[in-house]
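Enquirer: Pasting the sequence and the predicted coordinates here, then a few questions.
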Amino acid sequence: MAGPKTAVAALGGRWRQLTERWLARRAPAARSVTLDHSRLFILPTRVGLAFLLVIVILWLLATNYENNLVFALTFLLVSLFAVLPVHTFANLSGLQLHLCEARPAFAGDYAEALVRVARPGQRARERIQITWPPEEGALLDLVDSGDAEARVALPVVRRGRVRAPRLRLESGFPLGLFRCWSWVDLDVEFLVYPQPKPAGPLPIGAAAVEGESTQKRRGGDDFASLSPYNPGDSLRHVAWKQYAGGRDLYSKRYESGVDTRLWLDWDLLAGRDIETRLGNLGYWALQAEREQYAYGLRLPGTAIEPALGAGHLQRVLTALALFPVQGTPL
């Protein structure tokens, strides 16, 4: 059984490749598209084929029984069947589509594109569906206004830059006996961030100090100053040399540098695979932004200084999304 199934799958894949090449030549990618005759296709629906079968049966009955009323009904239905495809085709013909925005999304979620659909002239256009199959998409009616915006969602699985497939625009207006459709490539490309993965508390002060620290803490190995001796101070820190020189009794104070800035550092997550690390760093970035901690990002070959705000968050998530895919952890 595996042989025939494999052959059918291969044949189906080959057919899709040929269809995509043909569509690419006939309807190339563009951010703005006008639906002309070369981009539109129309065929009867199942209801339309059943309607045609009813016409044939009525014709046979009228011929067999020589019934003029049945003849009249048959001719009326034939006229309706002949006129409907013109109206269905005209409902989509001339529509203008423009990609307004392709919003970033997180892997495992839905990426959303904002598409503006405009009609030429004053003719109303109704029951227009725009979708990425098999998703439901959006349903538009251009009756009172000349244009409308549709939000179309596409599930995204992997991070990085993801190119969306062709949009399907279709309509069965007015009676659903015919369906007119078009496959439109609006050159949609989504930026997909890594899926956030919980990674424990924020690593405040966990990264190594670089340059001057922002705060000092008591203790450590760096001599800071002398201060008057207080009962209880460690005798090891008494400045005996100064006391032997005739000065008052002093204690030595030591300090060490502490980087209290929040650094989301790649090296803090050693031992985890690449995608898990990126998901952990993205989770920390969202948490830090929510709690209003200024945060920076360190990746191999990339460093973003600590800051806050929507623009900074987008910059950090973009760096995580575009991190190269590699076979082994760094």
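Expert: Nice, thanks for sending it over. Numbering: from 1, shown residues only.
Enquirer: Where does pLDDT dip in the stretch 201-330 of the chain?
Expert: 205-227, 229-260, 326-330 (pLDDT under 70).
Enquirer: Strands of that one, start to end?
Expert: 215-228, 250-258, 262-265, 295-299, 302-307 (DSSP state E, counting those that start in this stretch).
Enquirer: contacting residues for the residue nearest to the spatial centre of the chain?
Expert: In the chain, the centroid-proximal residue (Cα atoms, centre = their mean) is residue 111; its distance is 2.9 Å. The contact partners of residue 111, taken as Cβ atoms under 8 Å, 6 or more residues apart in numbering, are 102, 103, 104, 105, 153, 154, 155, 156, 162, 164, 190, 192. Every residue, glycine included, has its C-beta placed from N, CA and C.
Enquirer: can we see that at 6 Å?
Expert: Counting by Cβ atoms under 6 Å, 6 or more residues apart in numbering, residue 111 makes contact with 105, 154, 156, 190.
Enquirer: Okay, it and residue 102: tell me how far apart.
Expert: 7 Å (Cβ to Cβ, to the nearest Å).
Enquirer: what sits in contact with each of those two?
Expert: Here residue 111 and residue 102 have residue 190 as joint contacts, going by Cβ under 6 Å, 6+ apart.
Enquirer: Name the residues of stretch 149-157 that are buried.
Expert: Neighbour-count burial for stretch 149-157 flags 150, 152, 153, 154, 156 (criterion: 16 or more other Cβ atoms under 10 Å).
Enquirer: In CSV: these, plus pLDDT.
Expert: Converted to CSV, the buried residues of stretch 149-157 look like this (pLDDT from 0 to 100):
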residue, pLDDT
150, 94
152, 95
153, 95
154, 95
156, 95
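Enquirer: If we only consider the residues you listed, which is nearest to residue 320?
Expert: Of all the buried residues of stretch 149-157, residue 320 sits closest to residue 156, with 14.8 Å by Cβ to Cβ.
Enquirer: From residue 129, how far out is the closest one?
Expert: Distance from residue 156 to residue 129, by Cβ to Cβ: 21 Å.
Enquirer: Then residue 137?
Expert: 6 Å.
Enquirer: neighbour count winner among these two?
Expert: Taking neighbours as other Cβ atoms under 10 Å, residue 137 and residue 129 compare with residue 137 leading, 20 against 16.
Enquirer: ok, for that one, nearest residue in space, not its chain neighbours?
Expert: residue 131 (2.4 Å; Cβ to Cβ, 6 or more residues apart in numbering).
Enquirer: On the pLDDT front, check that neighbour for me.
Expert: Looking at residue 131, its pLDDT reads 95.
Enquirer: same deal with the one 10 residues further on?
Expert: Reading off the per-residue confidence, residue 141 sits at a pLDDT of 92.
Enquirer: Name every strand pairing with whichever strand or helix holds it and say which way it goes.
Expert: Here residue 141, judged by DSSP states H and E, is contained in strand 138-142. Strand pairing for strand 138-142, determined by DSSP bridges: strand 125-131 (antiparallel).
Enquirer: Can you list the buried residues in the partner strand?
Expert: Those would be 125, 128, 129, 130, 131, for strand 125-131 by 16+ other Cβ under 10 Å.
Enquirer: could those residues go into TSV alongside distance to residue 79?
Expert: Converted to TSV, the buried residues of strand 125-131 look like this (distance: Cβ to Cβ, whole Å):
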residue	distance to residue 79
125	24
128	26
129	28
130	31
131	33
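Enquirer: Next, format the buried residues of stretch 149-157 as CSV and append distance to residue 82 and secondary structure.
Expert: As requested, the buried residues of stretch 149-157 are exported to CSV (distance: Cβ to Cβ, whole Å; DSSP: H, G, I helix; E, B strand; the rest coil):
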residue, distance to residue 82, secondary structure
150, 32, strand
152, 34, strand
153, 38, strand
154, 38, strand
156, 44, coil
